[in-house]
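**Student:** coords below, sequence missing:
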């Protein structure tokens, strides 16, 4: 493994730890602060990531948005999903009894395996779910060597 590969792996590990720490702090922040304070913060929509033999699939739950509200980029095996969910009703004299729906800007970084094909990315938004599919590179078959 080259020095550049080692640096890339360390950087990926640090980014993953940062994302996990962000999730942990977000969880504790929501417990300790009122929903009104957290409503204006950057939020993280629920996301599922799974693999099939031919692709990696990312499913993001983001109801109430339009296709134009999303930005998706793929750089060095990191898929970044950004968006902004606008509040449906902005009432000035409202007393909330419960406030669980997050509004505002969000960003998710998904770390993809090394064998994905950056040219094979597609996205579809339907029924409140953003589905992103990233094709895997075709594995080269090994060459059989005959012993004479």
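**Tutor:** Nice, I can see it. Note that the structure is predicted; figures quoted are calculated from it, not measured.

**Student:** just the helices in this structure please.
**Tutor:** 3-32, 35-38 (DSSP state H).

**Student:** just flag whichever of those has the lowest average confidence.
**Tutor:** The minimum mean pLDDT among those belongs to helix 35-38 (a mean of 47).

**Student:** distance between the lengthiest strand in the chain and the chain's centre?
**Tutor:** Using DSSP state E to assign secondary structure, the strand with the most residues in the chain is strand 116-126. Relative to the mean C-alpha coordinate of its chain, strand 116-126 is positioned 13 Å out (CA atoms, centre = their mean, to the nearest Å).

**Student:** Neighbouring strands of it in the sheet, and parallel or not?
**Tutor:** Strand pairing for strand 116-126, determined by DSSP bridges: strand 129-136 (antiparallel).

**Student:** Show me the contact partners of the partner strand.
**Tutor:** 51, 53-62, 70, 72, 74, 79, 81, 112-113, 115-125 (CB atoms under 8 Å, 6 or more residues apart in numbering). (Each C-beta comes from the backbone N, C-alpha and C, glycine too.)

**Student:** still on that earlier bit, can you pull the buried residues of the longest strand of the chain?
**Tutor:** 116, 121, 125 (16 or more other CB atoms under 10 Å).

**Student:** With stretch 48-56 instead?
**Tutor:** By neighbour count on 16+ other CB under 10 Å, the buried set for stretch 48-56 is 55-56.

**Student:** average model confidence for it?
**Tutor:** Taken as a whole, stretch 48-56 carries a mean pLDDT of 94.

**Student:** OK, contacts around the closest residue to residue 135 other than its chain neighbours?
**Tutor:** Leaving aside its sequence neighbours, residue 135 sits nearest to residue 120 (CB to CB, 6 or more residues apart in numbering; 2.8 Å). By CB under 8 Å, 6+ apart, the residues touching residue 120 are 55, 133-136.
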